[in-house]
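A.B. asks: Have a look at this prediction, sequence included:
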Amino acid sequence: MNLRPAQQADLEALSAVHRRAFTPGWGPEEIADLASGPGAFGLIVESEAPLGMILCRALAGEAEVLTLAVDPQARRRGVARALVTAAAGAARAAGAQAMFLEVAVDNDGAIALYETQGFVRAGRRPSYYDRGGGVYVDAVVMRLDLNSGAL
Ligand SMILES: CC(C)(COP(=O)(O)OP(=O)(O)OC[C@H]1O[C@@H](n2cnc3c(N)ncnc32)[C@H](O)[C@@H]1OP(=O)(O)O)[C@@H](O)C(=O)NCCC(=O)NCCS
């Protein structure tokens with residue numbers, strides 16, 4: 001298992017992983033758009049095939065996880081833990097003091113992952129995710145102090 005910075009040439013692979021983890025998932029163009037923004041960076045975990053990806057932004061002393069996805073076949077093997085740890089390190093190196101993210105309030109697995117990584121609940125955004133059919137789900141805002149030495 002290899003973890004490395006994602007490159008332009010990885011856009012298809014990043015999208016493939018994202019589409020295996022989310023419905024509908026992001027296409028290469030959407031990922032390219034986000035990855036070209038100020039302070040954006042991506043990391044990828046691969047073995048023979050890409051297994052996981054994270055996309056973040058570190059800007060003006062704050063970092064944000066834009067998305068995190070692990071192939072369903074590769075879950076509970078520490079792929080996300082490795083990605084979040086590396087992303088937090090990269091954000092800290094880029095001068096960020098804290099890392100934020102939003103996660104659906106019913107995404108118990110992701111919330112458990114972030115809590116094991118030292119994130120704490122910092123707020124709630126009502127009706128943040130549109131699930132279709134008039135169903136909206138709140139987001140939990142989570143925060144990791146990058147100066148705490150937790151990671
Ligand atoms: C959430 C997700 C990224 C976790 O990826 P993963 O590689 O399986 O996570 P890891 O193996 O690194 O898990 C590390 C720890 O987090 C916790 N955890 C991860 N997934 C969990 C789950 N489904 N249920 C409970 N705890 C979980 C556990 O403490 C786990 O340690 P353990 O396996 O030793 O018990 C993955 O399930 C995924 O891609 N889900 C769909 C997309 C998504 O929800 N992304 C996040 C949106 S903000």
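C.D. replies: Everything's here; your move. Numbering: from 1, shown residues only.
A.B. asks: I'd say F22 and V70 touch.
C.D. replies: No: applying C-beta atoms under 8 Å, one finds F22 not in contact with V70, separated by 10.8 Å. C-beta: built from backbone N, CA, C; applies to glycine.
A.B. asks: ends of stretch 3-19, how far apart?
C.D. replies: One end of stretch 3-19 sits 19 Å from the other (C-alpha to C-alpha, to the nearest Å).
A.B. asks: Could you pull out the buried residues of that stretch?
C.D. replies: Across stretch 3-19, burial judged by 16 or more other C-beta atoms under 10 Å covers L3, A6, D10, L11, A13, L14, S15, A16, V17, H18.
A.B. asks: Any part of it near the ligand?
C.D. replies: No: if you take C-beta under 6 Å from any ligand atom as the test, stretch 3-19 misses the ligand, and the best it gets is 8.5 Å.
A.B. asks: Can you tell me what sits against that stretch?
C.D. replies: Contact with stretch 3-19 is made by 25-28, 30-32, 35, 41-46, 50-53, 55, 67, 69-71, 82-83, 86, as judged by C-beta atoms under 8 Å, 6 or more residues apart in numbering.
A.B. asks: same thing but 7 Å
C.D. replies: 25-28, 31-32, 41-45, 50, 52-53, 67, 69, 71, 82-83, 86 (C-beta atoms under 7 Å, 6 or more residues apart in numbering).
A.B. asks: Also stretch 110-123?
C.D. replies: Counting by C-beta under 7 Å, 6+ apart, residues outside stretch 110-123 touching it are 80-81, 84, 101, 103, 140-144, 148, 150-151.
A.B. asks: Kind regards, and thank you for your time.
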